[in-house]
Structures are given as structure tokens and as C-alpha cells.
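A.B. asks: with the sequence up front, the predicted model follows.
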Amino acid sequence: MRIFKTLLFCFIGTTSLIAQNAKKIPEVEQLLEKMTIEEKIGQLNLLTPGGGVATGEVVSKNVEAKIKTGNVGGLFGVASPEKMKKAQDIAVKNSRLGIPLLFGSDIIHGYKTTFPIPLGLSASWDMDLIKNTAQIAAKEATADGINWNFSPMVDIARDPRWGRIAEGAGEDPYLGSAVAEAMVKGYQGTDLTANNTMLACVKHFALYGAVEAGRDYNSVDMGHVKMFNQYLPPYKAAIDAGAASVMTSFNDVDGVPSTANKWLLTDLLRDSWNFDGFVVSDYTSLNEMIAHGLGDLQAVSALALKAGLDMDMVGEGFLSTLKKSLDEGKVTETDITNACRRILEAKYKLGLLDNPYRYIDASRPEKDILTEENRKIARKAAAHSFVLLKNENNILPISKTAKIALVGPLADSRNNMLGTWAPTGDVKYAVTIKEGFNNIAPNATINYAKGSNVLNDKELAKKINVFGPRVEISNETPETLLKEAVAAAEKSDVVVAVVGEATEMSGEAASRTDISIPQAQKKLINALVATGKPVVLILMSGRPLVITEEFDLPVSILQVWHPGVEAGNAAADVVFGDYNPSGKLTATWPRAVGQIPIYHSMKNTGRPAPENDQFQKFRSNYLDQPNAPLFPFGYGLSYTTFEYSDVQLSKQKIAQGESITVSVKVKNTGNYDGEEVVQLYLRDVVRSITPPKRQLKGFKKVFIKKGESKTVTITLQPEDLKFYNGNLDFVAEPGDFEVFVGGNSNADLKKSFILE
Ligand code: BGC
């Protein structure tokens with residue numbers, strides 16, 4: 001079978017090469033004609049002259065000189081538009097052929113207008129909103145001269161120990177694909193030559209979210225059936241949406257690092273998925289193949305080029321070894337020309353070959369960046385990303401005239417509002433929770449106290465504080481801090497404690513083995529509860545946390561992730577009831593770290609746990625915990641309540657290729673108007689490979705006024721019934737299907753149909 005697939009790929013490979021030849025771009029071909037081999041290799045080199053985040057050991061040197069000699073294809077992390085202009089001048093005026101540079105950047109959740117971290121944004125389940133944040137990011141970034149964005153990050157993540165779960169859309173391929181598409185379309189628009197759109201770069205190809213044990217940069221080993229069904233769909237969705245570039249991942253796939261994985265970069269990406277953009281390595285991921293054990297720099301560079309890598313980020317392996325490899329017959333001129341062509345085609349697509357200064361316009365930053373309008377969307381996006389996990393005695397929303405003890409290490413911490421991977425944002429523009437409370441509820445009495453440090457371990461704080469003072473350890477003793485908070489609580493009607501993770505406790509190189517709230521803050525929470533006052537936790541984090549102990553306390557919990565530049569205003573909007581929370585989790589929250597990996601689409605196994613999840617010997621369960629998570633995928637409360645009834649299917653039986661429509665009545669039975677994310681899960685009851693117990697296959701976010709009902713319809717398309725079988729064919733197999741509809745992945749309203 002494998003041989004057949006390889007032959008098939010070879011066959012498709014030849015045809016797609018023909019197709020590619022057919023649509024060669026004359027401007028690019030003319031340029032290629034004039035280029036020396038050194039100049040072609042130069043285009044494959046991406047450098048950062050400082051100002052970016054150095055996440056690997058290599059830092060670029062002599063950048064100016066390299067641009068002049070035609071040894072640079074693009075720059076990223078350039079600190080200012082003036083510097084970009086200067087660099088473009090050097091490329092255009094001082095290099096022999098005057099080929100303009102690409103300017104890249106990591107704009108992961110907004111440029112200067114920082115939106116919530118992507119995991120938070122995905123919890124809005126609002127694709128128009130997500131697309132809109134990407135459009136704004138593109139408008140702002142291009143105003144500063146950037147034309148290539150290292151986003152979206154679409155890695156499926158089912159292990160919250162992995163810090164980079166913060167950067168993606170969570171655990172689910174269906175939702176992840178929708179988010180991937182929305183972001184690519186938001187960044188790239190419909191016209192890449194427009195000066196407010198930029199190239200998207202889907203990353204990290206592939207499977208980076210499945211690193212073993214949640215440890216960053218670790219190995220990945222995954223069967224192809226799981227890969228195709230669960231992990232690859234969002235990358236493919238981004239490619240189908242037109243993503244112009246792809247970034248490789250640090251990990252290996254089937255034992256070959258992605259950066260030199262021919263099966264991944266050529267057979268799958270180009271030949272099977274018809275990707276026609278360019279592939280860039282991750283930061284020094286090319287050089288890291290030496291440590292992976294694949295050979296020296298020359299060997300790994302040749303391997304990577306041969307595999308289909310076009311651009312080397314920072315490592316200069318291509319620059320320093322490809323000529324030698326060419327002379328020694330290890331790569332061909334065609335290999336180099338093909339890679340160079342793809343870089344030049346990207347420049348052509350952006351309109352840079354026409355006008356290298358298309359994105360450099362000194363009048364734009366002032367009018368396009370961090371505008372009131374953009375901040376409004378950031379505030380909305382943040383409020384819509386919050387997930388109400390628990391509302392003890394319906395204490396939320398709080399009255400705008402209440403006496404509030406606002407406490408916690410994150411309550412007035414400007415440094416921690418933006419979240420991980422926001423290098424283009426600036427904490428000075430962020431609104432703290434305390435400021436937000438004052439803005440939105442000026443007539444409330446706010447008794448503020450820090451209450452505790454984020455954590456008390458100075459060594460750990462040092463590791464976290466690489467990009468700024470995220471964890472600030474107070475000069476006051478923990479006991480004094482605690483006393484101040486308790487005193488504030490005692491003179492208030494209600495306590496709001498802003499607790500959780502500091503910004504860089506998640507994100508890249510921020511894996512944790514213990515994902516609970518740090519001890520210092522646990523003490524604070526317990527002391528506050530002991531006052532007998534109602535306690536609301538505003539919980540910040542870049543990942544699902546284990547909060548089983550806190551959940552058992554009589555507290556309310558509003559999960560706000562790291563909300564971005566409008567953090568405080570958005571939090572106040574929700575706490576005081578101007579916005580009724582509607583976010584739903586996009587990654588399962590475990591009860592205990594030992595349950596990880598945990599996700600909603602797990603399989604039944606041959607020995608499923610009993611229905612009531614009570615332990616039974618010789619069943620697939622744990623002695624010390626139930627199987628169920630603390631919060632399932634799709635979970636989130638509202639200030640109102642929704643009742644589901646009357647699920648109907650448009651047909652009882654369908655033929656291959658037919659769609660089927662599911663309708664359900666949703667009634668707002670509470671006291672507030674509100675939005676609900678109606679979710680549809682599907683179970684393929686019998687099939688040739690073991691099915692997940694259920695899988696998300698549709699959703700709709702609807703606004704329903706209090707007391708009113710809406711009939712919500714979701715249509716299952718023929719592809720929604722398909723999966724990759726043991727031969728990796730994408731098929732729908734005849735038989736029974738079960739549909740579950742409701743407000744989270746435990747939805748229990750069920751109907752069945754048959755696919756004939
Ligand atoms: C990250 C990428 C990022 C790159 C450039 C790497 O360490 O993995 O996501 O785009 O740095 O900043």
C-alpha cells in the first residue's frame with residue numbers, strides 16, 4: 001500500500017510540476033535568468049537584525065553587508081518602519097539586482113492592538129470576529145511596513161502542559177480548521193497587492209502540538225491515521241484558504257525532522273495538497289537537525305533543500321553550504337532555482353517587484369495603528385473570549401455600586417495583560433483590571449490589595465521574566481500581603497481576586513509539569529474564602545489549568561486567558577454585566593495532570609468505563625480519579641440559561657454525497673439576553689477503524705433574548721461524515737450515525753440516521 005501511495009505521489013508530483021511550469025510568472029522568470037547561483041541562494045536566507053525575539057542560539061550578524069551582496073531574501077523582527085525603509089533602500093539601491101526584501105514578523109494576536117491570546121480568541125467560537133482581528137492585525141502591521149506574518153499557528157494541542165497551547169485554537173480539528181481559514185482570509189484578504197494585506201504563514205508544519213509529555217521541542221511519534229484525522233486538517237484548511245507560506249516545526253515526524261521531511265514538505269504539502277507558496281524553516285530548525293542527529297550543517301542543509309524547504313530562518317545553513325553542495329553534486333541548480341522561484345513569486349504576489357515601497361508609507365501608522373476603532377474590537381474580542389466556569393449563587397454580575405475588594409497579583413499588573421507572543425504589542429497601552437473597574441464602575445468602592453505574589457520562588461520567577469517583569473516579588477512578606485487582602489475583603493461586600501498565570505508562564509519554552517494555580521495564590525484564595533464574603537476568581541492563564549481544588553470552594557470563576565490591550569475594560573464589561581459571557585472552552589480542562597492527554601474525541605476502547613464513571617476493575621479507568629475532565633470541551637456558562645429541545649433531522653436515511661440538516665429548539669430560560677454556542681457532535685457507530693466516541697462537526701453562535709426561543713439549524717455536509725481510513729482514503733462508510741446537540745461536548749440530546 002505504502003509503495004502504491006509513493007508511486008501515486010510521484011505521479012501527482014510530475015503532474016503538479018507540469019501545472020506549476022504552466023503558470024510561471026514572466027517577471028519572476030526574467031529575474032531568475034539574470035541571477036547568479038549565489039544570488040539565488042541569497043534569496044533563501046531570512047535574517048533578523050535584532051528587535052525580534054531570538055528563540056534560538058544564532059543571531060544574525062553583518063546584515064547590512066549581506067543585503068548589499070544579495071545574500072538576504074527577507075528580514076523579520078525589524079524594530080521600526082524607519083529601519084525597514086533603510087533596509088529596503090539597501091536592497092533596492094545597493095544590491096546588484098535590486099530585489100526587494102520581504103519583511104516578516106510574529107503577529108500572533110494583534111500588532112499594536114493586542115487581542116486575546118489565540119486560545120482565548122478561539123473560545124469566542126466567532127469566526128467573523130476572529131477574521132476581523134486578523135484583518136486589523138494586517139492593517140496595523142502593514143502600516144508599519146510588514147508584509148509577511150508568521151501566523152496562524154494551527155497546531156492541535158491536547159496537552160496543556162505544553163505552553164504553546166496558548167498560541168492555537170485548542171484540541172479540535174473541526175474548530176481548528178474554521179479558525180485557520182478565518183485567520184488566513186483575514187490576513188491575506190482578497191488582494192495580496194493591497195497595502196493592508198500580508199502573507200500568512202501557517203505553522204508549525206507539522207504536529208508540533210503533539211510533542212511528547214508536553215515538553216517543548218520534544219519528539220512526536222504518531223500513526224498516520226491519527227495524523228490525517230486529528231492533526232493535519234487545520235494546516236490543510238489554511239492551505240485551502242490560500243495561505244501563501246508555511247513554516248516547518250521543530251519536531252520530527254516519522255523520525256525525520258519536519259524541516260527536512262520530504263514526505264511532509266513535498267509529497268503531502270505540494271503534491272497532494274497543491275500548495276504553491278513557499279516553505280520557511282522555524283528559527284534555526286535547520287541547524288537543529290545537527291542536534292537531532294542527521295549530520296553536519298552542510299548535510300542537513302542539503303537534505304532540507306531536497307525535501308522542499310525554500311527559506312532558512314536565521315540559521316544561514318543554506319547561505320554557507322549550498323554552493324559547496326552544488327559543486328559536490330549533493331544538490332542541483334534546479335533545486336536552488338525552484339526554491340528561489342517560490343520566494344520571488346511571493347514578492348511578486350505582494351506587488352513588491354513592482355513597488356518595493358508598497359508597504360512603506362510614513363502617513364499610515366498614525367491613522368491605522370491602535371485606533372479607537374481597533375481598540376473597540378479588541379475589547380469586544382476579549383469579552384467574547386471569556387468563559388464563565390462557575391457562578392456560585394449567581395453572584396455575577398456584580399452591581400456597579402458595590403463595595404469590592406479587588407485583590408490578587410494580576411489585578412493591577414500591566415505587564416501581564418497582553419499574553420505570550422505579543423512582541424509587537426506594548427504593555428504600556430494595556431488597561432489593567434483595576435483601571436477597567438474604575439472606568440466602568442466609577443461609583444463602586446474599590447478596595448485594592450495585591451494579596452500575594454504570582455509565586456514566591458525567585459529562581460522560577462527569573463526563568464519566567466525573560467521579556468519583562470511578569471512575576472514581581474514584593475518587598476512585603478507574603479504574610480503582610482495576605483493580611484492586606486483579608487482586610488480589604490472584610491470591609492467589602494464582595495471579593496474579586498485576579499489570579500492565575502503570569503504571561504510567560506505559558507507560550508514558547510514554557511512547559512509546566514504542574515499546571516495548577518501557584519501555591520502563593522492558593523493561600524490567598526483560601527484566606528479570602530475564609531472571610532465568608534462571596535469570592536469571584538478572575539482567572540488568567542495561557543492554558544487549561546488544573547483547578548479542581550478551587551472549583552470545590554464556594555467561589556465563582558471567570559476564565560479570561562490573557563485578554564490583550566483592553567483587558568481591564570473587557571473584564572469589567574463582563575463582571576458588571578454589560579456583556580453576558582458566551583465563551584466556550586476549546587480545550588478540555590483536566591481534573592488532574594495524570595489525565596493528560598485528555599480531549600473530547602477520545603475513543604470508547606474495548607473496555608469502556610461504566611456510564612456513571614465509577615471505578616470498575618479491568619475497565620479503562622483510574623483508581624484515583626474519574627475519567628471525566630473537570631470541564632469538558634465546549635463548556636461555558638452564561639448569566640442566563642439555555643434549554644435545548646426538539647432535535648429533528650431532515651431525513652432518517654441519506655445516500656452517499658447527500659447532506660442532512662439537524663435542527664434544535666434553544667430557549668433562553670433565564671433573566672438575561674445572551675449568546676449561546678450551539679454545538680453538534682457526531683458518532684460514526686460502526687466503521688473500519690475505531691471511531692471517536694463523538695466529534696465536533698458543526699456549531700452556530702446565536703443571540704437569544706430572555707424568554708425567547710430560536711430554532712437553530714446546522715447542516716452536515718457529505719465531508720463531515722468522512723474520515724481517513726486505514727488506507728488513508730477519505731471516505732464515508734455506510735451505517736448508523738448518532739447526532740448529539742447541546743451547549744458542550746457532553747450534549748445528550750440525540751438522534752440517529754443511516755448512511756446507505
Ligand atoms: C517560533 C516561531 C516563530 C519564530 C520567529 C520560533 O522560535 O517557534 O513560532 O515564528 O521563532 O520568531
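C.D. replies: Yep, it's here. Numbering: from 1, shown residues only.
A.B. asks: rest of the way, CA atoms for contacts and neighbours
C.D. replies: Fine.
A.B. asks: what's the neighbour count on the residue of the stretch 451-600 of the chain found nearest the ligand?
C.D. replies: Of all residues in the stretch 451-600 of the chain, Glu508 sits closest to the ligand, at 6.9 Å by CA to the nearest ligand atom. Burial of Glu508 is recorded as 18 neighbouring residues (other CA atoms under 10 Å).
A.B. asks: what's the nearest residue to it if we skip its chain neighbours?
C.D. replies: Closest residue to Glu508 apart from its sequence neighbours, by CA to CA, 6 or more residues apart in numbering: Arg164 at 5.4 Å.
A.B. asks: can you give me the neighbour number for that neighbour?
C.D. replies: Neighbour count of Arg164, defined by other CA under 10 Å: 28.
A.B. asks: circling back: so who does the residue of the stretch 451-600 of the chain closest to the ligand touch?
C.D. replies: Gly163, Arg164, Asp216, Thr420, Trp421 (CA atoms under 8 Å, 6 or more residues apart in numbering).
A.B. asks: surely the last one touches Gly507?
C.D. replies: Yes. Applying CA atoms under 8 Å as the test, Trp421 and Gly507 come out as touching, 6.8 Å apart.
A.B. asks: what touches both of those two?
C.D. replies: Counting by CA under 8 Å, 6+ apart, the common neighbours of Trp421 and Gly507 are Glu167.
A.B. asks: residues of the chain that sit close to the ligand?
C.D. replies: For the chain, the residues found near the ligand under the criterion CA under 6 Å from any ligand atom are Val53, Thr55, Asp106, Phe150, Asp282, Tyr283.
A.B. asks: show the buried residues in those residues.
C.D. replies: The neighbour count (16 or more other CA atoms under 10 Å) marks Val53, Asp106, Phe150, Asp282, Tyr283 as buried among the residues of the chain next to the ligand.
A.B. asks: residues near the nearest residue to Ile90 once chain neighbours are set aside, how many?
C.D. replies: Leaving aside its sequence neighbours, Ile90 sits nearest to Lys68 (CA to CA, 6+ apart; 6.2 Å). Close neighbours of Lys68, defined as other CA under 10 Å, add up to 20.
A.B. asks: what residues are up against Lys68?
C.D. replies: For Lys68, the contacting residues are Ile90, Ala91, Asn94, Ser95, Arg96, by CA under 8 Å, 6+ apart.
A.B. asks: so which of these comes closest to the ligand?
C.D. replies: Lowest distance from the ligand to the contacts of Lys68 (CA to the nearest ligand atom) belongs to Ala91, with 21.7 Å.
A.B. asks: shouldn't that closest one be in contact with Gly98?
C.D. replies: Yes. The pair Ala91 and Gly98 qualifies as a contact (CA under 8 Å) at a distance of 5.5 Å.
A.B. asks: quick one, which of those two is more surrounded?
C.D. replies: Set Ala91 next to Gly98 and count neighbours by other CA under 10 Å: Ala91 wins out with 27 against 18.
A.B. asks: for that one, give its distance to Gly73.
C.D. replies: From Ala91 across to Gly73, the span is 9 Å (CA to CA, to the nearest Å).
A.B. asks: same thing with Glu316?
C.D. replies: Separation of Glu316 from Gly73 (CA to CA) stands at 12 Å.
A.B. asks: these two: which is more packed in?
C.D. replies: For Glu316 versus Gly73, the count of surrounding residues by other CA under 10 Å is larger for Gly73: 28 against 25.
A.B. asks: for that one, give me the pLDDT.
C.D. replies: On the pLDDT scale, Gly73 is placed at 98.
A.B. asks: mind listing what the closest residue to it other than its chain neighbours touches?
C.D. replies: Nearest non-adjacent residue to Gly73, counting by CA to CA, 6+ apart: Gln43, 3.8 Å away. Contacts for Gln43 were tallied using CA under 8 Å, 6+ apart; they are Gly70, Asn71, Val72, Gly73, Gly74, Met311, Cys340, Ile343, Leu344.
A.B. asks: change it to 7 Å
C.D. replies: Gln43 makes contact with Asn71, Val72, Gly73, Cys340, Ile343, according to CA atoms under 7 Å, 6 or more residues apart in numbering.
A.B. asks: now swap in Leu294 and tell me
C.D. replies: Val300 are the contacts of Leu294 under CA under 7 Å, 6+ apart.
A.B. asks: let's verify it: helix, strand, or coil?
C.D. replies: coil (DSSP: H, G, I helix; E, B strand; the rest coil).
A.B. asks: how close does it sit to Ala304?
C.D. replies: The gap separating Leu294 from Ala304 is 11 Å, by CA to CA.
A.B. asks: now for Ile41: which residues touch it?
C.D. replies: Taking CA under 7 Å, 6+ apart, we find Ile41 in contact with Phe318, Leu319, Ile336.
A.B. asks: what about the nearest residue in space to Gly255 that is not next to it in sequence, how many residues close to it?
C.D. replies: Leaving aside its sequence neighbours, Gly255 sits nearest to Asp221 (CA to CA, 6+ apart; 7.5 Å). Using other CA under 10 Å, Asp221 has 15 other residues around it.
A.B. asks: pLDDT wise, what is the residue in the stretch 251-400 of the chain that the ligand sits nearest to at?
C.D. replies: Nearest residue of the stretch 251-400 of the chain to the ligand, counting by CA to the nearest ligand atom: Tyr283, 4.8 Å away. We have a pLDDT of 96 for Tyr283.
A.B. asks: tell me the centre residue of this protein?
C.D. replies: Most central in the chain under CA atoms, centre = their mean is Gly168, positioned 1.6 Å from the mean C-alpha point.
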